[in-house]
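*Asks:* Build me a structure from this.
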Amino acid sequence: MTTSTSKLSMENLASLCKRRGFIFQSSEIYGGINGFWDYGPLGCELKRNIREAWWRDMVLNREDVVGLDCSIIMHPRIWEASGHVGGFTDPMIDCRSCKKRFRADQLFEELGIEPETGSEIEKKFKLPPGTKCPACGSLELTEPRAFNLMFKTYVGPVADESSVAYLRPETAQGIFAQFSNVMSVSRQKVPFGIAQVGKAFRNEINPRNYTFRSREFEQMELEFFVKPGTDQQWHDYWVEERMRWYQSIGLPKESITKYVYGKEELAHYASACVDIMYAFPFGVQELEGIAARGNFDLGRHQEYSGKSMEYFDADTQEKFVPHVVEPSAGVDRIALALLCNAYREEWIPKEGPAVEAEPGKPVPEGYELRTVLRFAPRVAPVKVAVFPLLKNKPELVAKSREIFTGLRRHWNCFWDQTGAIGRRYRRQDEIGTPFCITVDFQSLTDNTVTLRERDSMQQVRISLSELTAELDRRMG
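*Replies:* Residues are numbered from 1 along each chain as shown. Down below sits the predicted model:
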């Protein structure tokens, strides 16, 4: 199992994210609301880049996957069929004294109490006599009670049981409900997939670890429909595909690992499940789950709706309800993993290479502190920054604006003409911009500029005629 060895302080990361416009606490001016986050100018660009990278690799670059965009509120029978209404619960424990609420599994883990034997899905949580509340120390803890994680709402003018609906806790069920429609219009043959990106909502008892566990989040899910009997083959395929994808967006191989579920941990309908894990500073946690779910979902919707979910294979003249392999990832968790992986504090000498800063120690004499986000160019919110050497020289500003305007046709670019060049470089390092371009007086005579690379801090002169091609090559 991969372990987290990062020296990163989550407080430092959260401070940078707020200061530079990645992540803000939702409703902060009113004291905030637990489990909800807003993404600022750079944060929404980072998330957009993640979604676009996933969509390009999972949909646009494949011939066997199509897209779908379902509504957030769907018919409540969908959630009855999927089992969410009756079984989408977490056992919770309340303290009658301090009114704190705890998720049973997290409380047991914190107190070092083993639940009664059973599978991961069927663990029985019963408090031993004398168990104290970890918040106030009282003995006033309730026994665990079921708590449904779905947000309930009402559709229409009357708020009664006939108008109950739910905010979707996952995007997958909309795909299953629309399976027949998509199959009929897309002219796809099994095996094929339906992909969706969208918001989901879970009323988590204890949101924690910054944005990792939130009540509103964004999912990227693929339901890949296969012929019964080929489940394991396709499950193995998608596990390896997804592992490669994380490396393509900049997560190092040594920081991600696979957790393979044992038979006793699987849901009753699943034949295999693998979680892709990342070594966060707060521990190794799940980024994505890839599950072979059999025909449970389509079968349940066929049963509850009375509509056929069968597929007719013209080649073999067979009819069957397809099985499904589901890679399901969280955009917010991936964004947090990329931020954690990218964050560095370095001591920069006047000459020579940078060294990793030692937390808690003052900056040595002759060095300065550099905070940098080493994003892969593919996901960096800003790809290129353009600077005129001096802001009070109209000819430099005009030349720089011309270059800036041209590059914006290709990438998200940043314009900055305020402060010393070194300070401008540091600002771009802190938001993860891979490349900076400086226009100086030599640029006016020979049409060359200085191209500075973020990670090495090396600078080269390059002709404007070659600039776009060179940046495209370096973007990878």
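
*Asks:* show me where this structure has helices.
*Replies:* Secondary structure of the chain (DSSP state H): helices located at 10-20, 41-55, 76-82, 84-87, 104-111, 172-177, 179-186, 231-248, 296-305, 331-342, 394-407, 421-431, 441-446, 464-475.

*Asks:* list the buried ones in the longest one?
*Replies:* Neighbour-count burial for helix 231-248, with 16 or more other Cβ atoms under 10 Å as criterion, is recorded at 231, 234-235, 237-239, 242-243, 245-246. For every residue, glycine as well, the C-beta is placed using N, CA and C.

*Asks:* ditto for the fourth one
*Replies:* Taking 16+ other Cβ under 10 Å as the neighbour-count basis, helix 84-87 is seen to contain the buried residues 84-85.

*Asks:* quick revisit: show me which of the buried residues of helix 231-248 is closest to S308.
*Replies:* D231 (21.3 Å; Cβ to Cβ).

*Asks:* coming back round to it: lowest average pLDDT across the helices of the chain?
*Replies:* Here the helices of the chain differ in mean pLDDT, and the lowest is helix 84-87 at a mean of 76.

*Asks:* what packs against it?
*Replies:* helix 76-82 (3 or more Cβ pairs under 8 Å, 6 or more residues apart in numbering; DSSP states H and E).

*Asks:* Dump the helix it packs on to PDB, keeping only the CA atoms.
*Replies:* This file holds the C-alpha atoms of helix 76-82, laid out as PDB (Å, rounded to 0.1, in the frame of the first residue of the first chain):
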ATOM      1  CA  PRO A  76     -38.200   9.200  -7.100                       C
ATOM      2  CA  ARG A  77     -38.900   5.600  -8.300                       C
ATOM      3  CA  ILE A  78     -35.400   5.700  -9.800                       C
ATOM      4  CA  TRP A  79     -34.000   5.900  -6.300                       C
ATOM      5  CA  GLU A  80     -36.300   3.200  -5.000                       C
ATOM      6  CA  ALA A  81     -35.200   0.900  -7.800                       C
ATOM      7  CA  SER A  82     -31.500   1.600  -7.300                       C
END
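
*Asks:* partners of the lowest-mean-pLDDT helix or strand in the chain in the sheet?
*Replies:* Least confident helix or strand, the chain: strand 145-148 with a mean of 74, by mean pLDDT, DSSP states H and E. Strand 145-148 has the following sheet partners, assigned by DSSP bridges: strand 89-94 (antiparallel).

*Asks:* one step back: determine how far the least confident helix or strand of the chain lies from the middle of the whole chain.
*Replies:* 27 Å (Cα atoms, centre = their mean, to the nearest Å).

*Asks:* Identify the residues contacting it?
*Replies:* 85, 88-94, 203, 205 (Cβ atoms under 8 Å, 6 or more residues apart in numbering).

*Asks:* just to revisit the earlier point, G156: which of the helices of the chain is closest?
*Replies:* Where these are weighed against each other on Cβ to Cβ, the nearest is helix 76-82, at 12.6 Å.

*Asks:* That closest one packs against which elements?
*Replies:* Packed next to helix 76-82, using 3+ Cβ pairs under 8 Å, 6+ apart, are helix 84-87, strand 164-166, helix 172-177, helix 296-305.

*Asks:* in it, what counts as buried?
*Replies:* Buried residues in helix 76-82, counted by 16+ other Cβ under 10 Å: 76, 78-79, 81-82.

*Asks:* Can I get the contacts of strand 145-148 in CSV including distance to G352?
*Replies:* Compiled in CSV, those are given as follows (distance: Cβ to Cβ, whole Å):
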residue, distance to G352
V85, 63
F88, 57
T89, 58
D90, 53
P91, 57
M92, 56
I93, 56
D94, 58
N203, 53
I205, 51
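
*Asks:* Confidence-wise, which of those residues comes last?
*Replies:* Within the set of the contacts of strand 145-148, pLDDT is lowest for F88 (63).

*Asks:* Near the nearest residue in space to L467 that is not next to it in sequence, how many other residues are there?
*Replies:* Spatial nearest neighbour of L467, excluding adjacent residues (Cβ to Cβ, 6 or more residues apart in numbering): V449 at 6.7 Å. The tally of other residues near V449 (other Cβ atoms under 10 Å) stands at 24.

*Asks:* dump the residue contacts of V449.
*Replies:* 403, 437-440, 443, 461-462, 464, 467.

*Asks:* Mind picking the one among those that's closest to R423?
*Replies:* The shortest gap between R423 and any of the contacts of V449 belongs to T438, at 12.7 Å (Cβ to Cβ).

*Asks:* quick one: terminal-to-terminal distance for stretch 62-82?
*Replies:* 29 Å (Cα to Cα, to the nearest Å).

*Asks:* Same list, the buried residues of helix 231-248, but as TSV with distance to R56 please.
*Replies:* Converted to TSV, the buried residues of helix 231-248 look like this (distance: Cβ to Cβ, whole Å):
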residue	distance to R56
D231	27
W234	21
H235	23
Y237	19
W238	17
V239	20
R242	15
M243	18
W245	11
Y246	15
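
*Asks:* Can you name the residues that contact the closest residue to D416 other than its chain neighbours?
*Replies:* Using Cβ to Cβ, 6+ apart and skipping the chain neighbours, the partner closest in space to D416 is R424 (5.1 Å). Contacts for R424 (Cβ under 8 Å, 6+ apart) come out as 385, 387, 416, 418, 436.

*Asks:* now the fourth one, nearest residue through space, not along the chain?
*Replies:* Right, T418. Nearest residue to T418, sequence neighbours excluded (Cβ to Cβ, 6+ apart): K391, at 6.6 Å.

*Asks:* hang on, the one you found packs against Q417?
*Replies:* Yes - assessed by Cβ atoms under 8 Å, K391 is found in contact with Q417 at 4.0 Å.

*Asks:* between the two, what contacts are shared?
*Replies:* Counting by Cβ under 8 Å, 6+ apart, the residues touching both K391 and Q417 are V397.

*Asks:* still on that earlier bit, with respect to D160, which of the contacts of strand 145-148 is nearest?
*Replies:* Of the contacts of strand 145-148, the one sitting nearest to D160 (Cβ to Cβ) turns out to be V85, at 16.9 Å.

*Asks:* Leaving out chain neighbours, which residue sits closest to the closest one?
*Replies:* V85 sits nearest to W79 (Cβ to Cβ, 6+ apart), 4.9 Å away.

*Asks:* Tell me how far that neighbour lies from A159.
*Replies:* Look at W79 and A159: by Cβ to Cβ, to the nearest Å, they are 18 Å apart.

*Asks:* same check, this time on D455
*Replies:* Separation of D455 from A159 (Cβ to Cβ): 56 Å.

*Asks:* for E204, same thing?
*Replies:* From E204 over to A159 (counting by Cβ to Cβ), the distance is 24 Å.

*Asks:* Just the CA trace of the least confident helix or strand of the chain, in CSV.
*Replies:* Extracted in CSV, the C-alpha atoms of strand 145-148 (Å, rounded to 0.1, in the frame of the first residue of the first chain):
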residue,chain,number,x,y,z
ARG,A,145,-29.3,5.0,14.0
ALA,A,146,-29.7,4.9,10.2
PHE,A,147,-29.4,8.2,8.4
ASN,A,148,-30.3,8.5,4.8
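
*Asks:* Please identify the buried residues of that strand?
*Replies:* For strand 145-148, a neighbour-count test (16+ other Cβ under 10 Å) marks 147-148 as buried.

*Asks:* before we move on, what about stretch 304-324?
*Replies:* Applying 16+ other Cβ under 10 Å to stretch 304-324 flags 309, 311, 320-324 as buried.
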